[in-house]
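> Quick one, structure for this:
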Amino acid sequence: MVMQSKPNPYRRSRGSSGVRGVTLIELMVGLLLGLVVVLVTAQVMSFAEGQRRVTTGGGDAQVNGALGLYTLQREIQMAGYGMTHELSALGCPVRANHAAAGAFNWTLAPVLITAGANGAPDSVTVMSSNRAYAVPAAISVDHPTTADRFTVRSAVGISVGDMVIAVPPSWSATNWCGVYRVTELANSNQTVHGVASPWNSGAQVAPATGYLAGDRLLNAGQLVLRTFAVDASYNLQQRTLDLNTGAMQAQDLFPQIVQLRAFYGKDTNGDNIVDAYDAVTPTTNAGWRQVQAVRIALVARSSAYQKEDVTAAAPQWDVGKAATVAGSVDCGASKCVELTVSGVPEWKRYRYAVFEVTAPLRNVIWGQ
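Below you'll find the predicted structure:
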């Protein structure tokens, strides 16, 4: 006889062994832990992203500032090439005329600084010849205002299409320098400037007495005339004279440049050492001969906008005490010039870097 046991009502079936539901409290604790993890992760990522933006923004400022400064330094060091063989010509008022662009009034100087008003950025204009060599020619026959050519002792180095500048030895406001474009070379010693070029038509370029035998003809080649300035969008901009149209062609070079300050470096006592820096443009030949360098500071802005103020005061340009610098004030043991950036909207929410260089005017120094 087989005995059968009764099922135990308190024993769980094998299929349901170890299985139970999640309580409400456990669910809420899990959600809370997940929210905490998400919050911490978001904060860490936000902090890391902020640090990355600060780092990359600072790197951009370093690159833009350094490249902008290098560009200006290179142009200034080449300024005056082909035009400073005759130092007596420095400062001569220059007249030119283009049929489409109209009249031009320049100064025969390697560098011209135009100071910005009320702390606004300055602008720097450089002038030079692009020729591999540029030798001045002596005018051998008087050139009246109606003449269509210069007769020189030798036209070596002058080519058709070159811009030439006639320079009287005793220049003045009424006996200025004139710009012409060579359209033809005749008899190996005549530079013709007929109306085939737009630079040789329209308003009178020569002074009333014309140019006389013994005056000089500077070969500017494809004349280089460039102005560097900070535009309204805070780009370091280069504007270059287009010799065909007579217009200044603009080109943005480097962004996030908010200030440009420039000084002439002057040797005021004739010992061939720069002892003073200021932005006062000379008005005489003697004054221009004192200018032997240009000192420039650029202020580059980080591209990263900060949620809080990170800059409390305007950047300072440490100019030292070796020479007198106009507008400098004591800053500790040195002298500093304040570089105004308050015109930049919300300027305190950005970081700034100052880059500076002193570029010698080599072509003026070598001509001494």
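> Going along the chain, name the helices of the stretch 1-150 of the chain.
Listed in chain order, the helices of the stretch 1-150 of the chain (DSSP state H, counting those that start in this stretch) span 24-78.
> Below-threshold pLDDT in it: ranges please.
Applying pLDDT under 70 to the stretch 1-150 of the chain flags residues 1-20, 46-58.
> and the residue nearest the centre of the chain, how far is that from Ile76?
For the chain, Phe228 is the residue whose C-alpha lies nearest the centre (CA atoms, centre = their mean; 4.2 Å). Phe228 sits 9 Å away from Ile76, going by CB to CB, to the nearest Å. Every C-beta, even on glycine, is put in place using the N, C-alpha and C of the backbone.
> Quickly list what's touching both of those two.
Here Phe228 and Ile76 share the contacting residues Val124, Val126, scored by CB atoms under 8 Å, 6 or more residues apart in numbering.
> Excluding chain neighbours, give the residue nearest to the residue nearest to the centre of the chain in space.
Val124 (4.9 Å; CB to CB, 6 or more residues apart in numbering).
> before we move on, what about Asp242?
Gln249 (5.0 Å).
> what's the helix or strand encompassing the one you found in contact with?
Take DSSP states H and E as the rule and Gln249 turns out to sit in strand 248-255. Contacts to strand 248-255, defined as CB under 8 Å, 6+ apart, come from residues 64-65, 67-68, 71, 227, 231, 233-242, 303.
> Leu241 contacts Ala220, doesn't it?
No: Leu241 lies out of contact with Ala220 (CB atoms under 8 Å); the separation is 10.9 Å.
> give me every residue that touches the residue nearest to Phe228.
By CB under 8 Å, 6+ apart, the residues touching Val124 are 72, 76, 111-114, 227-229, 260, 262, 294, 296.
> who does it bridge with?
Ile113, Phe228 (DSSP bridges).
> follow-up on the earlier one: quick check: what element follows the strand holding Gln249 along the chain?
Heading C-terminal from strand 248-255, the first helix or strand you meet, by DSSP H and E, is strand 257-266.
> from the middle of its chain, how far away would that following strand be?
Distance of strand 257-266 from its chain centroid, counting by CA atoms, centre = their mean, to the nearest Å, is 10 Å.
> what does stretch 223-235 give?
Here the centre of stretch 223-235 is set off from its chain's centre by 6 Å, with CA atoms, centre = their mean.
> what does it contact?
So stretch 223-235 is contacted by 71-72, 75, 106, 121-130, 163, 179, 236-241, 243, 248, 250, 252-260, 301, 344 (CB under 8 Å, 6+ apart).
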